[in-house]
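> Here's a sequence, model it:
(chains A and B)
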Amino acid sequence: MLKFASCDGCQLSLLDCEDELLAIAGAVDIAYFLEATSSVRPGPYDVALVEGSITTPHDLERVRQIRKQAGFLVTIGACATAGGIQSLKNWADHEEFMRCVYAQPEFISTLSTSTPIAAHVPVDFELRGCPISRHQLVEVLAALIAGRKPRTPTHSVCLDCKRRGTVCVEVAQGIPCLGPITQAGCEAICPAYNRGCFGCYGPAAQANCDSLVDHYQQQAVGTERLVPLLRNFNAAAPEFQAASNRVAGGDAS
Amino acid sequence: MADGQSNTTERFLPQTGLQHLIDLLTTDGYEVIGPQLDQGAIVYDTLTSVDDLPRGWTDRQEAGTYRLEQRNDDALFGYVVGPHSWKQYLFPPLTTISTADRTDAGWEFQTPSEPPPRRAFLGVRACELAAMKVQDRVFMGGVYVDPAYQRRREAAFIVAVNCTLAAPTCFCSSMGTGPQCTQGFDLVLTETDAGFLIESGSDRGAELLEQLPTREASESERDLGKAARQQAVDQMQRSLDTAGIRDLLLTNMEHPQWEEVGKRCLSCTNCTMVCPTCFCSSVTEVADLTGDHVERQRVWDSCFNIDFSYMNGGVVRNDVRSRYRQWLTHKLASWHDQFESSGCVGCGRCITWCPVGIDLTAEVAVIRGSGSATNEMHTDVAMQGET
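Coordinates of the predicted model:
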């Protein structure tokens, strides 16, 4: 379990697998997992679970080393698969950020962008979500142990809303919701609590962002609401990025 | 299961009598499911009292929009249809079909066989009765009968309630499925300001009717009921021209309208989920981490899910255009070949609950309107492509 720019929430999802934790610990040999133990062993590793995005020159070097050490590389979470919330800096001046935050910005070595792992090294499997679903994490581990393909859906959140009987918050209440263009995996939790989908699992397969954005604009949902909705945890996912740029009328730097 | 057509004359049930009906069904061991307010809509859920019903509320529906509104009376059934359908009780979103456990003696397989839930559905509309009939043909017609569906269906007691209004999205008249309930119920009610008119449609419905505090309906009460039902007929605005629709759609598989609707369609699956007849599902084996315990689960799935058409090596319907075309041509055309009826009952749910308001009646009208000009349009497209 290795980490780049991230909040550690996805790593903690493994520790959240309370019912399955002993079975997991019995089935695999955990060699490197700083959130669980400071005892670490050097690679190579059969499987590397990689959290976080690439934001520093050092990250760039380290991710290449990890790739060499990993038999099967799985990225976990929105940061590792799409650049995360920190990819908002792709639209801004990162040097200005440094000047605002740090007393001595000259000590900071950082890239101007936050990018997913797959932009730098080949990735064998991507697990979406902010944070990832522990059920999907167990599914990926079980599949790797059994030597089969992991089963994670690529359909929209809407399908899961309907399976659990949630009434559509967009149609019944006019709440802008990214559910129709967002990949399932979260068990459609936000609409069940009367909130529109924030797009935590990134774009669904063949997401028709243009049609949904056009519709919201016709419903008088303003740019000031639509752009932040699309520029969220998966702001730099190509489909969401293109959609938010179209709404904002600008380009990502 | 309700089988008969209405076979008794209408009787009058005072408003207070409805609680009697719920109590009788409950005493009989039924879990009564009916309409109620939840999540900004009128949905179906378990109820024990008439006070659970959406008294004084109605639904305003348009393509892509649904809003609750207060009525200026105390009607209990003064709405049309909501996002839920009875499908969720007869064909649940998730069913464990079988389980397998690894033992020292090998694999042990089991099929869950608990008795079906004994449920009474209160407030079933004519289009929903028609939808059950459609799903009966899917799950119970022919050689292969789905035992889980059959058990649930046969256990269900059906109290239909005639529509007394129509939403702008309704088009059951043109599908020949409503708005009046004519068959497929145990009891049917018509709500009026004075009380209910009630009829039985089966032997067990008649038995229950005898235990209710009814009296013979007067001519004026029957006229009130008739007028209430006529109101739904008169309010119906939408229609789907079904003349020759099978051949119309199947001979227009390359019509440019499929491309056009594919640009708007989100492929989000909402239309198929709210459709009371859509029956597609996926079956997967779900194992625990040890692989010693496996459940075979059936979940609702949709032709709008890309993975649904995944076959060894690739996806068959790999763009929105082909997925929308698959749904509409199955629903309105090839369904006739497969089940000898249309797959559409005209409830309008797919129109209301489409987030971007795609209206199948309008899509069909476009294809019909230019049906004879299809080749000409193709020529235009081809010419544009050449220049």
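
> Please report the distance of the most centrally placed residue in chain B from residue B:348.
In chain B, the centroid-proximal residue (C-alpha atoms, centre = their mean) is residue B:276; its distance is 2.2 Å. Computed as C-beta to C-beta, to the nearest Å, the residue B:276 to residue B:348 distance reads 11 Å. Heads up, the C-betas are built off the backbone N, CA and C, glycines and all.

> rewinding a little: list phi and psi for the residue nearest to the centre of chain B.
Backbone geometry at residue B:276, expressed as degrees, to the nearest 10, gives phi -80, psi 0.

> what sits against it?
Shown in contact with residue B:276 (C-beta atoms under 8 Å, 6 or more residues apart in numbering or on different chains): B:85-87, B:127-128, B:131-132, B:135, B:345, B:347, B:349.

> can you list the domains in the chain?
All of this is about chain A. A:2-146, A:157-248 (automatic domain parsing).

> Not quite, go with chain B.
Using automatic domain parsing, chain B is parsed into the domains B:11-235, B:245-277+B:310-386.

> tell me which element residue A:142 is part of?
helix A:134-146 (DSSP states H and E).

> as a whole number, average confidence for that helix?
For helix A:134-146, mean pLDDT is 91.

> just how off-centre is that helix within its chain?
17 Å (C-alpha atoms, centre = their mean, to the nearest Å).

> Could you check it against chain B for contacts?
Yes: shown here: helix A:134-146 in contact with chain B (C-beta under 8 Å from any C-beta of the partner chain) through A:138, A:141-142, A:145-146.

> where does chain B have low pLDDT?
B:1-8, B:370-387 (pLDDT under 70).

> what comes up buried for the lowest-mean-pLDDT helix or strand in chain A?
Ranked by mean pLDDT, DSSP states H and E, the weakest helix or strand in chain A is helix A:21-27, scoring a mean of 85. For helix A:21-27, burial by neighbour count (16 or more other C-beta atoms under 10 Å in any protein chain shown) applies to A:23-24.

> do stretch A:206-224 as well
If you call a residue buried by 16+ other C-beta under 10 Å, then stretch A:206-224 has these buried ones: A:206-209, A:211-216, A:221.

> and the longest helix seen in chain B, how far out from the chain's middle?
Looking across chain B with DSSP state H, the single longest helix is helix B:219-235. Distance of helix B:219-235 from its chain centroid, counting by C-alpha atoms, centre = their mean, is 24 Å.

> what about stretch B:132-146, start to end distance?
One end of stretch B:132-146 to the other measures 14 Å (C-alpha to C-alpha, to the nearest Å).

> Can you tell me what sits against that stretch?
Outside stretch B:132-146, the residues that reach it (C-beta under 8 Å, 6+ apart) are B:86-87, B:90-91, B:124, B:149-150, B:153, B:158, B:184, B:276-277, B:279, B:339-341, B:343, B:345.

> Next up, the contacts around the residue nearest to the spatial centre of chain A.
The C-alpha lying nearest the average C-alpha coordinate of chain A belongs to residue A:78 (C-alpha atoms, centre = their mean; 0.8 Å). The neighbourhood of residue A:78, defined by C-beta under 8 Å, 6+ apart, consists of A:84-85, A:128-130, A:200-202, A:233-234.

> hmm, 7 Å instead?
Contacts here follow C-beta atoms under 7 Å, 6 or more residues apart in numbering or on different chains; on that basis residue A:78 touches A:84, A:128-130, A:200, A:202, A:233-234.

> which stretches of the stretch 1-150 of chain B form helices?
Per DSSP state H, counting those that start in this stretch, the stretch 1-150 of chain B carries helices over the ranges B:17-27, B:87-90, B:126-140, B:147-155.

> wait, which of those is closest to residue A:65?
helix B:87-90 (51.6 Å; C-beta to C-beta).

> can you give me the helices for the stretch 151-300 of chain B?
Ranges of helices in the stretch 151-300 of chain B, per DSSP H, counting those that start in this stretch, are B:172-175, B:203-210, B:219-235, B:245-250, B:256-264, B:270-274.

> Tabulate those (a markdown table), appending mean neighbour count and distance to chain A.
Below are these laid out as a markdown table (neighbours: other C-beta atoms under 10 Å in any protein chain shown; distance: least, C-beta to the nearest C-beta, whole Å):
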| stretch | mean neighbour count | distance to chain A |
| --- | --- | --- |
| helix B:172-175 | 21 | 20 |
| helix B:203-210 | 17 | 28 |
| helix B:219-235 | 16 | 21 |
| helix B:245-250 | 17 | 23 |
| helix B:256-264 | 18 | 5 |
| helix B:270-274 | 27 | 3 |
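
> that older thread, switch the domains of chain A over to CSV; also include distance to residue B:162.
Below are those laid out as CSV (distance: least, C-beta to C-beta, whole Å):
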stretch, distance to residue B:162
domain A:2-146, 45
domain A:157-248, 25
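
> From residue B:120, how far off is the residue of the stretch 1-150 of chain A found nearest chain B?
Closest to chain B within the stretch 1-150 of chain A is residue A:23: 4.4 Å, counting by C-beta to the nearest C-beta. Residue A:23 sits 43 Å away from residue B:120 when distances are taken as C-beta to C-beta.

> now do residue B:63
33 Å.

> same check, this time on residue B:271
On the measure of C-beta to C-beta, residue B:271 and residue B:120 end up 29 Å apart.

> Can you check the distance spanned by stretch A:174-192, start to finish?
First residue to last in stretch A:174-192 (C-alpha to C-alpha) measures 15 Å.

> in it, what counts as buried?
So for stretch A:174-192, counting by 16+ other C-beta under 10 Å, buried means A:174-186, A:188-192.

> mind listing which of those residues are in strands?
In strands, judged by DSSP state E, none of those are found.
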